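> A predicted structure for the sequence below; I have some questions about it.
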Amino acid sequence: MIMLRALLFANGFGLLIGLLIIFMDKVINNYGEVAITINHDKEIRGDGGKTLLRILFESKYFIPSACGGKGTCGYCKLKVVEGGGTALPTEALMLTRSEIREQYRLACQLKVKENLQVEIPPEYLEIQEYEGMFSLSEQITEDIKRVRMQLITPETISYKPGQYVQVRIPTDDGFDFRAYSMSSNPDEQNEIELNIKLIPAGIGSSYLHAKQVGDPVEFSGPYGDFYLKTHSDREIICVAGGVGLAPLKSIVAYWVSHNLSRPIYLFYGARSLKDLYNHDYFTGIAETKPQFHYFPALSDPAPDWDGTTGFIHTVLDRELSTGIHGEAYLCGPPIMIDAVMAVLESKGIPKESILYDKF
Amino acid sequence: MNILLILFASILTSNIALTYFLGMCPFVSISKNIQVASGMGMAVTMVMTLTAVANWLVNNYVLIPLGLGYMQFLVFIVTIAAIVQILEIVIDRFFPALYQSFGIFLPLITVNCAILGISLFMVLRSFGLLQTFFYGLGSGIGWFLAIITIGGIRKRLIFSKPPRRFGETGITAIIAGLMALAFIGFTGVASL
Ligand SMILES: Cc1cc2nc3c(=O)[nH]c(=O)nc-3n(C[C@H](O)[C@H](O)[C@H](O)COP(=O)(O)OP(=O)(O)OC[C@H]3O[C@@H](n4cnc5c(N)ncnc54)[C@H](O)[C@@H]3O)c2cc1C
Ligand code: FES
């Protein structure tokens, strides 16, 4: 009897509270339609209560948002000329004081409740949406898959070596997106290649790992300022950790096919030989191109490894000469980037010549 | 117990953060920036007062008459979660300025142990409705006071050199301990 009463009560109470919240959500949390004016020119409409980023995406305006709207990458900042109030405390961490004064906001954190006027930089307007099909999916290490996507509409994409795309990931309540760097050579315009590392219980990586050849896919791109500067005579220093190799492989492939004469270094750190993918590809280039310097290093190798052992920043410290006239491209986990930055600065490479993507 | 006494004691001598060390997570992680800390403080004060009163009503008019006192934990948490949700929706809609200053902290508070602690303590101490109101309000203000005080102290840490191995969290815990000593100094005046 006591059990029954408790059970009935718990259910009734839960139901009551649930209904109350649903009711409040429907009645009060409903802001109707809002209008967003873009660059004082075009006007789009969307559902109030959603974030600015979401409304723009739904109207096919693509804004870089590598963290998927969590407010941690800071890529989605836009100038909101009118409406929307000032930056929230969560945004203040990602914006500088002068940006806040100039009305910059993180589009992923700004919930639209009134009409807004925003400015979108012209280069973002060139970002497009692509529909494609998986043309390859193969396991290349224990947890990394190489996938290739053939473009269907539009049929070609033009991008710079090092840039990334944002793949649309279906979820229970609509869609989400995740950033992945293109590892392919930009010369082949009708197909792109991504390297995806499986993150346990990760939405995006699990989705992409489950896909098979022939399955459809949608993504937008190209995004990012992390790409090879072609109007420069500095030596190219690439440093990759794990799956961070992807954009750097694109840079190396571009360097090879365009016969660039600037010397290029690739420092590539992984845990063990099994994790060191594309190793044969790079060794092959190193044999034919004396200007290509390849330094793989393993942090946790099997006993039969006769190459370099250690973390990649220590290898860099040892192999790179001080005062080198170089520019650096770093990609990998944040902790590696921080360590490598310190080494590069000690070698006299100016901060402006160091580009990085933190995965 | 006199309600003024309860208010005073819950703000100072029985401060929820500094004598019970509840709600430590935001206390340590959000106290770096005073503006952010005061947003959190406001949110905690509001939610604490409302949930203490709501849980008192639920406890005295529903749980006890039905003989379901042992379900307090479960029911209190559900009430708190619901109130936080509704509060967020309502504030966002009708008080945009308030939402701007502390709205984003509301969801964080749902699982804050200080909030649940207040509801449980008010039962333990057999407070009446009015007493509960002032107890919730006082504890909220007390937590608010504690977090902005420690925020003010942490701001000055840049001028001193605490042992590096402590790390920021370590030194914050030590500061909290010293503050607790100071607050306990009021015990002679009144305590719960
Ligand atoms: C510019 C840019 C380029 C990128 N390029 C690539 C790329 O080429 N290849 C690639 O594989 N990834 C790349 N990433 C990372 C990628 O965007 C996703 O963050 C990653 O795949 C995890 O997404 P998910 O949906 O699988 O996991 P989520 O569902 O987002 O996360 C699940 C859980 O895993 C944790 N988590 C998230 N990321 C990691 C991580 N790296 N290691 C350990 N735990 C994690 C989260 O904190 C969370 O708790 C890139 C990121 C950026 C910003
Ligand atoms: S999308 Fe990363 S901060 Fe907004």
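Now that the structure is in, tell me what you want to look at. Ligands and ions are numbered 1, 2, ... in the order given.
> What is the burial count for residue A:70?
Neighbours of residue A:70 under the rule other C-beta atoms under 10 Å in any protein chain shown: 11. No exception for glycine: its C-beta is placed from N, CA and C like everyone else's.
> Leaving out chain neighbours, which residue sits closest to it?
residue A:108 (7.4 Å; C-beta to C-beta, 6 or more residues apart in numbering or on different chains).
> any idea which helix or strand carries the one you found?
Using DSSP states H and E, residue A:108 falls within no helix or strand.
> gap between it and ligand 1?
13 Å (C-beta to the nearest ligand atom, to the nearest Å).
> likewise residue A:171?
Residue A:171 is 10 Å from ligand 1, by C-beta to the nearest ligand atom.
> Enumerate every residue touching that residue.
Counting by C-beta atoms under 8 Å, 6 or more residues apart in numbering or on different chains, residue A:171 makes contact with residue A:203.
> returning to what we had before: which residues touch the residue nearest to residue A:70?
Residue A:108 neighbours (C-beta under 8 Å, 6+ apart): A:51-53, A:65, A:67, A:69-71, A:76.
> Which member of the residues you listed is positioned nearest residue B:179?
Using C-beta to C-beta, residue A:71 is the member of those that lies nearest residue B:179, at 31.0 Å.
> Could you double-check that the closest one lies in contact with residue A:109?
Yes. Using C-beta atoms under 8 Å, residue A:71 makes contact with residue A:109 at a distance of 5.1 Å.
> hey, what's in contact with both of these two?
In contact with both residue A:71 and residue A:109: A:90-91, using C-beta under 8 Å, 6+ apart.
> who has more neighbours, these two?
residue A:109 (21 against 18).
> Quick check: the residue of the stretch 51-200 of chain A found nearest chain B vs residue B:39, distance?
Nearest residue of the stretch 51-200 of chain A to chain B, counting by C-beta to the nearest C-beta: residue A:89, 4.7 Å away. Separation of residue A:89 from residue B:39 (C-beta to C-beta, to the nearest Å): 6 Å.
> Report the buried residues of the helix or strand containing residue B:156.
Using DSSP H and E, residue B:156 falls within helix B:129-156. Across helix B:129-156, burial judged by 16 or more other C-beta atoms under 10 Å in any protein chain shown covers B:131-151, B:153-154.
> can you pull the pLDDT of residue A:68?
At residue A:68, the model reports a pLDDT of 85.
> got the contact list for it?
If you count contacts by C-beta under 8 Å, 6+ apart, then residue A:68 has A:176-179, A:204 around it.
> Wasn't residue B:66 part of a helix?
No. Assessed with DSSP: H, G, I helix; E, B strand; the rest coil, residue B:66 is coil; it does not lie in a helix.
> Contact partners for it?
Residue B:66 touches A:5, A:9, counting by C-beta under 8 Å, 6+ apart.
> Show the model's pLDDT score for it.
88.
> Now the closest residue to ligand 2 within chain B: phi and psi?
At 14.0 Å from ligand 2, residue B:104 is the closest residue in chain B, using C-beta to the nearest ligand atom. Residue B:104 has phi and psi values of phi -70, psi -10 when expressed as degrees, to the nearest 10.
> can you check residue B:66 too?
Note on residue B:66: backbone dihedrals following degrees, to the nearest 10 are phi -90, psi 0.
> now do residue A:166
phi -120, psi 120.
> Not counting residues beside it along the chain, what's closest to it?
Using C-beta to C-beta, 6+ apart, the closest residue to residue A:166 is residue A:177 (4.4 Å).
> can you pull the buried residues of the helix or strand in which that neighbour is found?
Using DSSP H and E, residue A:177 sits within strand A:174-181. Residues of strand A:174-181 classed as buried by neighbour count (16+ other C-beta under 10 Å): A:176-181.
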